[in-house]
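# Got a predicted structure plus its sequence, pasted below:
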Amino acid sequence: MAPWGYSKENGPATWHKDCPIANTGVRQSPIDLITTGQTCAKYDSNLKPVIVSYPAFSEATFLNNGHSVQFQPSAGNLSELSGGPLTKKYKFEQFHFHWGNNDSEGSEHRVNGKMYPAELHLVHWNSESPNFSSFQEAVGSNDPHALCVLGFFLKVGAENASLKPITDLLSKVKNAGSSVSFPGKFDLKAVLPETLTDYYTYDGSLTTPPLAECVKWIVFKEPIEVSTAQMEAFRAVDDGHGKPITGNYRPPCPLHTRTVAASFK
Ligand SMILES: C[C@H](CNC(=O)c1ccc(S(N)(=O)=O)cc1)Cn1ccc2ccccc21
Ligand SMILES: [Zn+2]
């Protein structure tokens, strides 16, 4: 598998070579979330608030894998997700980010064509399926909802004290392939908005190879604020070819016959 990335030579337009589903898939992610007109998100009054139970992580690894920075707690973590459009309980696997090299680009999902400077993805897998019992198995399972990813837009504003422990660590994983064990506890719950009631949800895929079409996406309307300095810290992380990662986002994919549901009017 030619190492995929986000440059001209190995970026999203080339991924179909090793990963045909990039062009043939009918439920690819990300998408542009349209809120008015024909193919717009449809309000669904049955959609309940998303419920997360994120006890502070005590042991975790923070890694620069060359295409993002990823926070992965040790296997014993008990963090869970349920509610919203989900019928099962999901286990937390990792979170990571996508960002751009200026404030007008960087998010993977868009709202009426608007990009945010970054997007946070909280990755979970269905822990109640009889067909798999680990994240790795879930990804390879072909189950349409094996995974659930919560997407949060980041916008520039006040410094985010809850994310500071993460953004302060970015300089320690500047080199691709580097990782550090996260010092102390991290409270992910504190990063998220109080209420997880207003979101878009649709069936999609991983946004990076293998682009598996196994993700129930939940993208929240309310962005999370971070400071300019915190955004700049992401832009100093290297991609393994001596260059900073300055745009690890995939462009929006066709909706095909999918519909997007909104939990709010
Ligand atoms: C996918 C996995 C590596 N990728 C991810 O875990 C992943 C998670 C979330 C997103 S996003 N941006 O959509 O939230 C993207 C990628 C490796 N891996 C594990 C099992 C497995 C089987 C075949 C190929 C690769 C495999
Ligand atoms: Zn992601």
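That came through, no problem. Ligands and ions are numbered 1, 2, ... in the order given.

# Which parts of the stretch 51-200 of the chain are strands?
60-64, 69-73, 80-83, 90-99, 110-111, 118-126, 147-156, 179-181, 199-204 (DSSP state E, counting those that start in this stretch).

# how about the residues of the stretch 1-150 of the chain that lie near ligand 1?
When proximity is defined as Cβ under 6 Å from any ligand atom, the stretch 1-150 of the chain approaches ligand 1 at 121, 123, 136, 139-140, 149. Using the backbone N, CA and C atoms, a C-beta is placed for each residue, glycine as well.

# can you redo those residues as a markdown table with neighbour count and pLDDT?
Shown next, in a markdown table, are these (neighbours: other Cβ atoms under 10 Å; pLDDT from 0 to 100):
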| residue | neighbour count | pLDDT |
| --- | --- | --- |
| His121 | 22 | 98 |
| Val123 | 22 | 98 |
| Gln136 | 11 | 97 |
| Val139 | 20 | 97 |
| Gly140 | 14 | 95 |
| Val149 | 23 | 99 |
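
# so which two of those are the farthest from each other?
Using Cβ to Cβ, the pair of these lying farthest apart is His121 and Gly140, separated by 19.3 Å.

# Can you add distance to Pro30 and give the strands of the stretch 51-200 of the chain back as JSON lines?
Shown next, in JSON lines, are these (distance: least, Cβ to Cβ, whole Å):
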{"stretch": "strand 60-64", "distance to Pro30": "22"}
{"stretch": "strand 69-73", "distance to Pro30": "18"}
{"stretch": "strand 80-83", "distance to Pro30": "20"}
{"stretch": "strand 90-99", "distance to Pro30": "9"}
{"stretch": "strand 110-111", "distance to Pro30": "7"}
{"stretch": "strand 118-126", "distance to Pro30": "8"}
{"stretch": "strand 147-156", "distance to Pro30": "8"}
{"stretch": "strand 179-181", "distance to Pro30": "26"}
{"stretch": "strand 199-204", "distance to Pro30": "7"}
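
# and Glu232, that one's in a helix?
Yes. The assignment for Glu232 by DSSP: H, G, I helix; E, B strand; the rest coil puts it in a helix.

# okay, now it: neighbour count?
12 (other Cβ atoms under 10 Å).

# go on, Leu255?
Count around Leu255 with other Cβ under 10 Å applied: 18.

# Stretch 16-24 - what's its average pLDDT?
The average pLDDT for stretch 16-24 rounds to 98.

# end to end, how far does that stretch reach?
This stretch, stretch 16-24, spans 9 Å end to end (Cα to Cα, to the nearest Å).

# so who does the closest residue to Ser181 other than its chain neighbours touch?
Leaving aside its chain neighbours, Ser181 sits nearest to Thr61 (5.8 Å; criterion: Cβ to Cβ, 6 or more residues apart in numbering). The contact partners of Thr61, by Cβ atoms under 8 Å, 6 or more residues apart in numbering, come to 71-72, 74, 179-182.

# now those: which count as buried?
71-72, 179, 182 (16 or more other Cβ atoms under 10 Å).

# most centrally placed residue in this structure?
Compute the mean C-alpha point of the chain, and by Cα atoms, centre = their mean the closest residue is His121, 2.2 Å away.
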